[in-house]
Every structure is written in structure tokens, then in C-alpha cells.
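Novice: Structural data only, the sequence is not supplied:
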């Protein structure tokens, strides 16, 4: 079976010489469908840049990237938009929910861009919010939700179009330990259903929940190891309130 | 992304920044209101003039000094006025059966006074038939008679404004009025006639034609009105009048116009005026458009992260384009609609002072123009939003 995401010797360079910054250096990587990959590394190691390229949000300066055997460089803006809409779900560190907009409307957003009718849209969005345990917060705006709840809305939004891969960039970075483990449990469950997960983190405890851990440093993958994840998520000691 | 969804999200975005949206739309509101108001004034003037001509009936021809060219290159005559009472008398003497009346018309600006009050007004010398033909009567007192015209009686009929300003509480009838320092007796006060195009028609004094001839000391008249027996005999009357005029005047020293020709020429001049006034108002609308463009650019910058997010969730460039363009168009269209309303209310208020009329096409023009302004000035910010790179937009703080 071909890798779902296939990166061949890509580099990403920002700026012009002599002031250029090399974010990625000759990176090659294959991710198969159903994998749970954690990318770990210090800030500035190129992990976000790699994820943005994998998620079709950015293009590499050199090298080739195949998304489900499609060469990314050959795709038009509209093709890219469609793939991001149908095949990919994003979860960000800062949630990126539309302010002053209800959870339901936020989750409906990807469905609007795929042209789903109003009724079906509301139905699907509601199901997704129920699934992440927010069935009672359908009409709350982000300002009325806790960080963990906001991130769950964001996950519902990422899932609503039933993508095969979820990219999560430090999804627990802004959350307390309790909310973090809730969110990670959701990712575990999603992976158990067969969904591919690519997760960026700098916490080794979080990374250990994945089945494969990539370590990056200075724009390169310095280690790529299989991991036998713990069955149970460690309930971290809750410090204070 | 279907259209109703685009409109819904645009309205949402406008609602979120209510004050800013209102201020942005203000430029368009003012521009459209000004257009509607100016058009209503000139359309009211057109209506008034057409109404006056209708009163005269269709069996009239006008003799004017100079060569009057109806049509796009036309305009008011500029030549020296060589029309005189003598010419009018000659037409009267040599008239054929098609002509039933010849009325010269004299109009000059004079100062009139009573006791210590004085006022500049329009003095017109008219035949007694003028009151019947123009359908104007005296509200109090009476108008003058043929006999009074013949004897050059020093009698006058004054308009409402003169009665109010000069006589105030007193009844002007029977009182003296000084016209160019000569004393006349007031016979009556005309019915109120209102204003047209900013001109106070009640500010006038009418005296018998022959008295006016004596007062001015010249033989000159402003125009000669010839009434024919019917509309059908106009060509016959015109031919005769032309023949008589050519005896004493060269061809470019007079013009003979039928009522229709004269009316269409006047309306044409007002039409040009309307376009000119509307054009000035349109400039303010363009300024309003620049305001919309400016605010939309600010909005695009402010919402860069949102645009990045939408792109990450699958928005195509054209989805983003239509979102911001729709927002600009809705803003300007709402501004246009409010402007139409304000312009209309303004013309209702103005109608207390002068005749106004808001034609349907002015409303359509106001709304259409404001929408076009929204499209034109919304395109640049919307394109800018559509072209943002998702990853850079998401990184934006």
C-alpha cells in the first residue's frame, strides 16, 4: 500500500540569501493511513512548517509532496481548497473559532464550503458536538466556553466533513492538564476508529500516546521510532484550580 | 458556498461592527440623499413649468427676441432685443382670422415701496386678458379693466409677498404703492402661487400694459404672445406673424415658437441643470465609496486570521472574494436605501416652500448607483482577501 502522505526530500527556505532561514532541510517522510504520528521538537525545529506542508496550507521551496498520490505542486487553488475541506481536519493551539459565533455555526463552517444544505448541516454539526460532549453548548459563543470546551468545538469542526487525516498543532498547548487529557482521549478514540492523526507537541508525555514519534531538530527529522502507547491515559495530577 | 449563506455571513459581519458600518455607510447615505433631493427640486420645477404652459392652452405662439434654436445646441437668445410695442400693434392691425389676440409682455425689476418699507420685485405689464388666460385672480380687491389699460391708469395688482412685506397688518387694497418713485393705487392682491425652483412667484407687481409702456419710457417688450383661434390655425397665424415681423426685423432678430417648442426647450435647459446638479451630488457618492473601500481594507487586515482559518477549512479564493464583496455591496446598498429615504423625507419638507417631486427613476438611480459604488470600491479589498496565503494569514496576529 502506498503511503497516504508522501514527502520526498522537501526543503523550506524563508527569505532571500544571505538572510535566509532554512526551516526544513531535505526531509523525507511517509505516513500511512491509520497511523498516529506525534512530531516533537523544540520551537523553531520546523515541525509546524512540516505540518503546514502536509496539510496543504503551505508549499515547499524544493522537493515533492504527494497527498494520496496527487502531486501537491500540480494542484490548483480550488483543488487544494477542496482537499482541505474534504480530506483534512485542522486543530490549532489557539482554537481559531470565529468569535461571537455559536458552537453550532462554527462547526457548520466546513459544511458551508462543501455546499451542504442548511438542514443537513445543522444536523451533522449537532451530532459532532454531541460526540465531543458539548450537546448542551450548541448555541454558546466561544467567549462563554472554557479552553477545553473551545478545543472540543474545534475538534468537532475538524471532524464534521469526515476527513481521513487530522492535523493538530499543539492542541493542548493552551489547556490545563485535565482538559489536555480529555482532548488526548478524543484523539486516541479517533485513531482507534482508523483515522490518521498527525500531532505536534513539545511535551513528551503527550507524544507517548502516539504509535510513532518523530523528533525534529534544525529542520531535520533526527529520529523516527515506533511506540507502544499506553492503553490508559495517565490522569495527570491536577495542580491547584 | 451558496449565495444565501454569503449574504447571511455578510450581514452578520456588518452587525458585529454596527457603529463602524453606520459611519462607513454615511458617505453613501449623504450622496444618495443629495441626489434625490436635487432631482426632486428640478423635477418639481419641470412639473410647475409644464403646468403653467398647459394653462395657456395649445393655441398660443410666442414671439421672442433673437434667434432661438431649440435642440441640443440651443439655449436662450443673446441678441439685442428689438421687439417693440409698435411691432405688436402692427400685428394687431394686420391680423388675419387665425389670430384672435396679440399680447405684448413687459417685465422689469423695480423697487416698490410703501411708507418706510421697500422691496425689489418683478414688475410685469400685462393686458387685462392675462388674468383670464393664466387663470390667476385677485384674492381681495380686483384686477384691472380694459378701460384702465387704455387710459394708462396708475393702478397695480400685487402678489402675496408684496402684500405681506410692505403692508403687513394693513389691507393693501386702496392704498398707495410707489413704483420707481411714482405712485400707483393698489387694486387687489393676487391669489397665492407659491414657489417654483426657488423663485418666489408671489413677489410680483402687475400693472396695465400701457401703464408699463409709459413707465419704462422705452418701446421695448420682452415677448409677444399671439393667441390663435384654435390649435389647427397655428401654422396660418405663424405665417402671417412671420411676414409682418420680416418687414421691420431681420431673420435673426426674432423667433416664433409654438407652445410645444418653447416648453420642450425650457425643459431641456432644466434637464441639463438636473444632470449637472446630480453630477455634483454623485461626487459625494464617490467619496462615500472611497470610505467603504478604506473600511473594507481595514476589515480584511483585522480578519486576516479568520480568512486563513476559512481557507484551511476549505474556502476557495472565490468564496472569500464573494464574502467581502457582498459585505461591501450590502453596506453601500443599505446606505443607498437610507439615503433614498432621507432624500424623500427632505423633499417632503421642502415641498412646504417649493414644488418638489421625486420621480421613480431617481430612486432607481440612487439605489443602482450606490450598489455599483459598492462593487467598484469593494473589489480591491475583496481581491486582497482572496489572495492571502492560508499559512501566512493563520500566523497573523
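Specialist: Happy to help now that I have it. Not measured: the values here are computed from a predicted model.
Novice: all contacts plus neighbour counts: C-alpha atoms, from now on.
Specialist: Will do.
Novice: who are the neighbours in contact with the closest residue to chain A within the stretch 201-350 of chain B?
Specialist: Taking C-alpha to the nearest C-alpha, chain A has its nearest neighbour within the stretch 201-350 of chain B at residue B:314, 3.9 Å off. Neighbouring residues of residue B:314 by C-alpha atoms under 8 Å, 6 or more residues apart in numbering or on different chains: A:80-86, A:110, A:113-114.
Novice: And residue B:113, by the same measure?
Specialist: With C-alpha under 8 Å, 6+ apart, residue B:113 has these contacts: B:119, B:166, B:177-179.
Novice: Chain A: which of those residues is nearest?
Specialist: residue B:119 (66.1 Å).
Novice: Paired strands for the helix or strand encompassing that closest one, with orientation please.
Specialist: Per DSSP states H and E: residue B:119 is located in strand B:117-126. Note on strand B:117-126: by DSSP bridges, its sheet partners are strand B:99-114 (antiparallel), strand B:204-208 (parallel).
Novice: ok so, going back, specify the local secondary structure of the residue of the stretch 201-350 of chain B closest to chain A.
Specialist: coil (DSSP: H, G, I helix; E, B strand; the rest coil).
Novice: And it, how close does it get to residue A:90?
Specialist: 11 Å (C-alpha to C-alpha, to the nearest Å).
Novice: just residue B:146 next, same as before
Specialist: For residue B:146, the distance to residue A:90 - C-alpha to C-alpha - is 98 Å.
Novice: the more surrounded of these two?
Specialist: Using other C-alpha atoms under 10 Å in any protein chain shown as the criterion, residue B:146 and residue A:90 rank with residue A:90 on top: 26 against 12.
Novice: Can you list the buried residues in the longest helix along chain A?
Specialist: Among the segments of chain A that qualify as a helix by DSSP state H, the longest is helix A:177-192. Buried positions in helix A:177-192, judged by neighbour count with 16 or more other C-alpha atoms under 10 Å in any protein chain shown: A:177, A:179-184, A:187-188, A:190-191.
Novice: do the same with stretch B:136-145
Specialist: B:137-138, B:141-144.
Novice: Let's see which of these end up in strands.
Specialist: If you go by DSSP state E, the buried residues of stretch B:136-145 have B:138, B:141 in strands.
Novice: Which residue ranges of the stretch 51-200 of chain B form helices?
Specialist: Remark: helices assigned in the stretch 51-200 of chain B by DSSP state H, counting those that start in this stretch are B:85-93, B:129-133, B:146-150, B:160-162.
Novice: helices or strands next to the shortest one in the packing?
Specialist: Counting contacts by 3 or more C-alpha pairs under 8 Å, 6 or more residues apart in numbering or on different chains; DSSP states H and E, helix B:160-162 packs against strand B:204-208.
Novice: outside of the strand it packs on, which residues touch it?
Specialist: Against strand B:204-208 from outside (C-alpha under 8 Å, 6+ apart): B:121-128, B:144, B:148-149, B:152-159, B:161-162.
Novice: For the closest residue to chain B within chain A, which three-state class applies?
Specialist: For chain A, the residue closest to chain B is residue A:85, as judged by C-alpha to the nearest C-alpha, at 3.9 Å. Using three-state DSSP, the three-state assignment for residue A:85 comes out as helix.
Novice: Check it and give its pLDDT.
Specialist: Per-residue pLDDT puts residue A:85 at 96.
Novice: One more: residue B:76?
Specialist: In this prediction, residue B:76 has a pLDDT value of 53.
Novice: and what of residue B:196?
Specialist: pLDDT recorded at residue B:196 is 65.
Novice: One more: residue B:322?
Specialist: 93.
Novice: Return the distance of residue B:99 relative to residue B:150.
Specialist: In terms of C-alpha to C-alpha, residue B:99 sits 21 Å off from residue B:150.
Novice: check contacts around the closest residue to the residue of the stretch 201-350 of chain B closest to chain A other than its chain neighbours.
Specialist: Nearest residue to residue B:314 in three dimensions, chain neighbours excluded: residue A:85, at 3.9 Å (C-alpha to C-alpha, 6 or more residues apart in numbering or on different chains). By C-alpha under 8 Å, 6+ apart, residue A:85 lies in contact with A:110, A:113-114, A:161, B:312-315.
Novice: 10 Å - rerun?
Specialist: Listed by C-alpha atoms under 10 Å, 6 or more residues apart in numbering or on different chains, the contact set of residue A:85 reads A:79, A:109-114, A:158, A:160-163, B:310-316.
Novice: what's the answer for residue B:387, then?
Specialist: A:77, B:307, B:316-318, B:320-321.
Novice: Whichever of these end up buried, select them in ChimeraX.
Specialist: Command for ChimeraX that selects the buried part of the contacts of residue B:387, burial taken from 16+ other C-alpha under 10 Å:
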select /B:307,316,317,318,320,321
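Novice: just to revisit the earlier point, pick the most buried one from the strands paired with strand B:117-126.
Specialist: strand B:204-208 (a mean of 27; mean count of other C-alpha atoms under 10 Å in any protein chain shown).
Novice: If you count contacts, what does the helix or strand that that strand is followed by end up packed against?
Specialist: Scanning forward in sequence from strand B:204-208 by DSSP H and E, the next helix or strand is helix B:209-216. Judged by 3 or more C-alpha pairs under 10 Å, 6 or more residues apart in numbering or on different chains; DSSP states H and E, the packing partners of helix B:209-216 are helix B:85-93, strand B:99-114, strand B:117-126, helix B:146-150, strand B:204-208.
Novice: Would you mind giving the ones you listed as TSV with mean pLDDT added?
Specialist: As requested, the helices and strands packed on helix B:209-216 are exported to TSV (pLDDT from 0 to 100):
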stretch	mean pLDDT
helix B:85-93	87
strand B:99-114	88
strand B:117-126	90
helix B:146-150	88
strand B:204-208	92
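Novice: Can I take it that residue A:129 is in a helix?
Specialist: Yes: assessed with three-state DSSP, residue A:129 lies in a helix.
Novice: So in chain B, where's the weakest helix or strand by average pLDDT?
Specialist: strand B:195-196 (a mean of 67; mean pLDDT, DSSP states H and E).
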